Structures are given as C-alpha cells and as structure tokens.
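Enquirer: Need coordinates for the following:
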Amino acid sequence: TSVPYIEDCIRKFIAKKKKDKICRFFAKMCSKKRSNVMLALKTKNSEYHKMIREVALILSNEIKNRKLELRQVNYYNRICPSTHKPRRIGVQCPKQQLYDYIVVNALKPIINICGRYQCACLDGRGQEYGVRAIKRWLKNPEMRYAAKMDIRKCYESVDKELLLKFLARKI
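Expert: Now for the predicted structure:
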C-alpha cells in the first residue's frame, strides 16, 4: 500500500507498455484530456509525475479499503498459430494489469517457493527459460522418463482460500 512503491511500479509498468494503449486509462483515472496525458507520458514533464502520484494514491486507497474497482476480464477464442490449439485469451484492463504488476513485484522474494519453473511472471524467465531447461534435461544421459503436462483451466481452478492461506504463511 506504500505510495512510493506503487509510484515506482507505475513507472516500470509505463516503461513496458505502448503509450497509446494506456493513455485512456490514465486520462480517466486523472480526469484529464487524452492529448495532455499522451504529452505527459512522452515528455515525462511535471504533469507526468503528478499523474503518477494521483494514480498511486487512488490505487493505494483501493488496496487499503479492499475495494478494487475493476472491469470484468474480456475473453475471446483464438487458434494458436504454432500449435493450432484453440486458446481462450483473457484481456485485462490496464488497471488490472497494473495491480498484477504491483503484486508480482511485491511477491518476487517468495515466487521461487512456488517453483523454479513457474516462469511466466518473472523477468528473464519466459518461454525461452523453460525451453532451455527442457533442453538441458534432454541432454542428461541419466534422464529416462519425461512428461509434459498442461493443466486445463489451471488458474481458474486454483482454490483461492488455500492460496490466501499459503500467502499468509509466507508473508
């Protein structure tokens, strides 16, 4: 809930996003014109810092009051071009993405507890990291068996109560 921590997360979040994709979100949060927000995002002027502070205060208050105001996640179906499997893709609003960013950064010290190969949310641990690990295992002459698994609807099926108890023990 620390405002300086959230401000830092917002800056890192902005650095990784296309400015035109997040401009509408910041304009709405700060009640400003999109053109002014776009200029602030590009020039990083004093308005940029005020805008970040304002959004950080709003997010901090929502977290403290445990009242996150989020839009519903939009889902659509796509066929994966490489595997030709149908995929259900969820697209979160920028505010939800920002909350996810804040949480993942806060939990980085304990993410290794969840599994070394839980890769998707950590910098430097994307798909390539997983592929390199699998290749290392396959080169091992003592490796006799292997299994590749994909749990259907894994994240939707996680028991939230158990997850919160786990986090309460670790944090």
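Enquirer: which residues sit against the strand or helix carrying L39?
Expert: L39 is part of helix 34-43, with elements assigned from DSSP states H and E. Residues outside helix 34-43 that contact it (C-beta atoms under 8 Å, 6 or more residues apart in numbering): 14, 19-20, 22-24, 26-27, 30, 45, 47-48, 51. (Glycine included, C-beta is placed from N, CA and C.)
Enquirer: same thing but at 6 Å, please
Expert: The contact list for helix 34-43 (C-beta atoms under 6 Å, 6 or more residues apart in numbering) reads 19, 23, 26-27, 47-48, 51.
Enquirer: In terms of pLDDT, where does L164 sit?
Expert: We have a pLDDT of 85 for L164.
Enquirer: Look at S60 and say how many residues are nearby.
Expert: 18 (other C-beta atoms under 10 Å).
Enquirer: so how far is the helix or strand containing it off the chain centroid?
Expert: If you go by DSSP H and E, S60 is part of helix 46-65. In terms of C-alpha atoms, centre = their mean, to the nearest Å, the centre of helix 46-65 is found 18 Å from the chain centre.
Enquirer: circling back: among the contacts of helix 34-43, which one lies nearest to H84?
Expert: Comparing the contacts of helix 34-43 against H84 with C-beta to C-beta places K19 closest, at 34.0 Å.
Enquirer: how many neighbours does the spatially closest residue to the closest one that is not a sequence neighbour have?
Expert: Excluding the flanking residues, the one nearest K19 by C-beta to C-beta, 6 or more residues apart in numbering is L41, at 4.6 Å. L41: 20 surrounding residues under other C-beta under 10 Å.
Enquirer: Of the contacts of helix 34-43, just the buried ones, PyMOL syntax please.
Expert: Typed into PyMOL, the next command selects the buried ones out of the contacts of helix 34-43 (criterion: 16 or more other C-beta atoms under 10 Å):
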select buried, resi 23+26+27+47+48+51
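Enquirer: Farthest pair within the contacts of helix 34-43?
Expert: Within these, K19 and E47 form the most distant pair, 14.0 Å apart (C-beta to C-beta).
Enquirer: Next secondary structure after the helix or strand of the chain with the lowest mean pLDDT?
Expert: Here the helix or strand of the chain ranked lowest by mean pLDDT, DSSP states H and E is helix 154-157, holding a mean of 75. Downstream of helix 154-157, the next assigned helix or strand under DSSP H and E is helix 160-170.
Enquirer: Give me the helices and strands touching the helix or strand hosting L98, please.
Expert: In the assignment (DSSP H and E), L98 maps to helix 94-111. Secondary structure elements in contact with helix 94-111, counted by 3 or more C-beta pairs under 6 Å, 6 or more residues apart in numbering; DSSP states H and E, are helix 3-15.
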